[in-house]
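**Q** A structural model of the following input is requested.
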Amino acid sequence: MTTEESAQQIVSKMYDNDPFSRWLGIERLRVEPGHCVLRMAIRREMLNGFGIAHGGITFSLADSALAFASNSRGRHAVSIDTSISHITPLREGDVITATAIEEQLGHRIGHYRVEVRNDAGEMAALFRGIVYRRSREWEV
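**A** Numbers count the residues shown, from 1 in each chain. Below is the predicted model of the structure:
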């Protein structure tokens, strides 16, 4: 099995056991070791009192992208520090894409950047995450 096939199997296993990501309506567009692209649509129940997407929605999409990208290397990884900057408001019907990029991978720590863009390609949010890589391997 190639590393790409292994990454896809790990992410499929994670997604199948992740009711929240499924509730969000996340689609997996691309999965490779250390890299993940996800897409979802903003629904009415995801809006806040201003009629724009609640910040937790973009955070959650980016967090899922971080989880999938960091675990796709084969070891269990959990976030230990995350932050997000909200740049462009999102509205009902917007389709957003999160791209997780591995910036640094060490034996125990990994650093990731996740760009969340709207369907016009504009940056909607920028998320940064640090993960702790456990010694436990994924069984695929």
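**Q** who are the contact partners of the residue nearest the centre of the chain?
**A** Of all residues in the chain, the one closest to the mean position by Cα atoms, centre = their mean is Ala65, 1.3 Å from it. By Cβ atoms under 8 Å, 6 or more residues apart in numbering, Ala65 lies in contact with Cys36, Val37, Leu38, Ala98, Thr99, Ala100, Val114, Phe127. Where C-beta positions appear, they are placed from N, C-alpha and C, glycine not excepted.
**Q** just the strands in this protein please.
**A** For the chain, strands defined by DSSP state E occupy the ranges 27-32, 35-41, 75-86, 95-105, 109-117, 123-137.
**Q** now stretch 72-80, how far from the centre of its chain.
**A** Centroid separation between stretch 72-80 and its chain, computed with Cα atoms, centre = their mean, to the nearest Å, is 12 Å.
**Q** now what about that stretch, what contacts it?
**A** 3, 6-8, 10-11, 31-36, 63, 66-67, 70-71, 105, 110, 129-138.
**Q** thank you kindly, that will do.
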